[in-house]
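> Got a predicted structure plus its sequence, pasted below:
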Amino acid sequence: MMASSLRKLKKNERIIAYKSALNVEVTATRTDKICPHDFAVGLLIPGKAEFNPTHIRVLTDLYLKRLSDNKKAQNVFLAIERIYNGCDPSVLAQPLRMNSFTMQLDDVEVNLFLLQLLMIEQDFNFGEGGCKKSKLNPPREFLMRFVRWVASGETEIDKIVTNAVRNWPPPTKYAAPIEAQTD
């Protein structure tokens, strides 16, 4: 399980959590910046310097995917819901590999692994043993509510991102899980 692997990292130790077919790497480096066991999520795209993507990148990318092809995007949102519930993104990514979107920043698989790491980071820092406290249980629900808000299609990305960067919680109605839509 990824969380237990991340807990075992030593300070400044870096791992590659995922490497795509296009050699895009999703990494984690223990920093202890916010709390003990805190880690930085990294993204290394071939030909570019590694950087630390935030939830804003992923939310924007999911928004673009939803605009590109809502039906395919809903399958991605369902996979993210399963990651939130503890499923392994490498298993969930397999059937989604063939999904391509006309607008996107990263492949679906990269989104899934980034989100898994960002959720684990929230749980480490704001959950049991963390040095900050969350009003949500589990703490990763804060990020998941933003994902559900994007999935809903009810709001433009501007408002969602504004809330996210100001650390304002998304509406409580997004506490409800995403469910499969039937045609």
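Ah, there it is. Residues are numbered from 1 along each chain as shown.
> Which residue ranges of this structure form helices?
Along the chain, counting by DSSP state H, helices occupy 2-7, 55-68, 70-84, 89-93, 108-126, 141-152, 157-165.
> Spit out the contact partners of the spatially most central residue of the chain.
The residue lying closest to the centre of the chain (CA atoms, centre = their mean) is residue 115, at 1.6 Å. If you count contacts by CB atoms under 8 Å, 6 or more residues apart in numbering, residue 115 has them with 58, 80, 83, 89, 143, 147. (Each C-beta comes from the backbone N, C-alpha and C, glycine too.)
> got a list of what the third one touches?
Yep, that's residue 83 we're talking about. So residue 83 contacts 89, 92, 112, 115-116, 119 (CB under 8 Å, 6+ apart).
> can we see that at 10 Å?
Listed by CB atoms under 10 Å, 6 or more residues apart in numbering, the contact partners of residue 83 are 89, 91-93, 111-113, 115-116, 119, 140, 144, 147.
> what do you get for residue 163?
Under the criterion of CB under 10 Å, 6+ apart, the neighbours of residue 163 are 145-146, 149, 155, 169-171.
> Please repeat the previous calculation with a cut-off of 8 Å.
Each residue near residue 163 by CB under 8 Å, 6+ apart is listed here: 146, 169-170.
> Among those, name the buried ones.
For those, a burial check counting by 16 or more other CB atoms under 10 Å picks out 146, 170.
> export the contacts of residue 163 to JSON lines and tack on distance to residue 6?
As requested, the contacts of residue 163 are arranged in JSON lines below (distance: CB to CB, whole Å):
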{"residue": "146", "distance to residue 6": "22"}
{"residue": "169", "distance to residue 6": "25"}
{"residue": "170", "distance to residue 6": "25"}
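> Of the contacts of residue 163, just say which sits nearest to residue 178.
The closest of the contacts of residue 163 to residue 178 turns out to be residue 146 (CB to CB; 12.3 Å).
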